[in-house]
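>>> following is a predicted model, sequence given first.
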Amino acid sequence: MFILDSLLVGGLRFVLEKVAAVADQELNDPERWRAELLELQMRLEEGGIDQETFAERERVILDRLRELHPGGVGIVAGSDEFATIDVEIDAGDDEEERG
């Protein structure tokens with residue numbers, strides 16, 4: 001009887017650990033949070049939620065994305081974090097050829 005109880009408890013523990021691992025992985029998946037943000041935006045545009053509700057939930061989602069990517073890498077476009085890119089264009093050679 002003790003062996004059967006041991007196997008049952010061991011099997012149950014294994015299943016619960018796997019469920020916890022999958023749930024943890026889903027909570028830490030940035031794509032899940034980006035999809036939720038997109039769905040939230042669509043609901044706002046369709047009139048399903050008001051601007052205040054959108055702002056509250058958007059803040060929670062963006063905070064979670066920032067937790068997952070502290071340096072701002074992978075944050076969705078449209079958030080309040082932007083990267084700066086310097087671009088230099090040298091058109092001097094082209095104008096000499098045309099002249």
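That came through, no problem. Computed from a prediction, not measured in an experiment: that's the story for all the values here. Numbers count the residues shown, from 1 in each chain.

>>> so how far is His69 from Leu38?
From Leu38 over to His69 the distance is 17 Å, taken as C-beta to C-beta, to the nearest Å. C-beta: built from backbone N, CA, C; applies to glycine.

>>> likewise for Leu44?
In terms of C-beta to C-beta, Leu44 sits 24 Å off from His69.

>>> and the lengthiest helix in the chain, what does it pack onto?
The residue-count maximum for a helix in the chain (DSSP state H) belongs to helix 2-27. Helices and strands touching helix 2-27, by 3 or more C-beta pairs under 8 Å, 6 or more residues apart in numbering; DSSP states H and E: there are none.

>>> how about a cut-off of 10 Å?
When contacts are defined as 3 or more C-beta pairs under 10 Å, 6 or more residues apart in numbering; DSSP states H and E, helix 2-27 sits against helix 30-46.

>>> for the helix it packs on, list the C-alpha coordinates in CSV.
Extracted C-alpha coordinates of helix 30-46, given in CSV (Å, rounded to 0.1, in the frame of the first residue of the first chain):
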residue,chain,number,x,y,z
PRO,A,30,6.8,38.4,-24.6
GLU,A,31,4.8,37.4,-27.7
ARG,A,32,1.8,36.6,-25.4
TRP,A,33,2.0,40.1,-23.9
ARG,A,34,2.3,41.7,-27.4
ALA,A,35,-0.7,39.8,-28.6
GLU,A,36,-2.7,40.9,-25.6
LEU,A,37,-1.7,44.5,-26.2
LEU,A,38,-2.8,44.2,-29.9
GLU,A,39,-6.1,42.7,-28.8
LEU,A,40,-6.6,45.5,-26.3
GLN,A,41,-5.9,48.1,-29.0
MET,A,42,-8.5,46.5,-31.3
ARG,A,43,-11.1,46.5,-28.5
LEU,A,44,-10.5,50.2,-28.0
GLU,A,45,-10.9,50.9,-31.7
GLU,A,46,-14.1,48.9,-31.8
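
>>> low-confidence ranges in the protein?
Applying pLDDT under 70 to the chain flags residues 1, 4, 71-87, 89-99.

>>> ok, 90 please
Filtered on pLDDT under 90, the chain yields the residue ranges 1-37, 61-99.

>>> many thanks, we can stop here.
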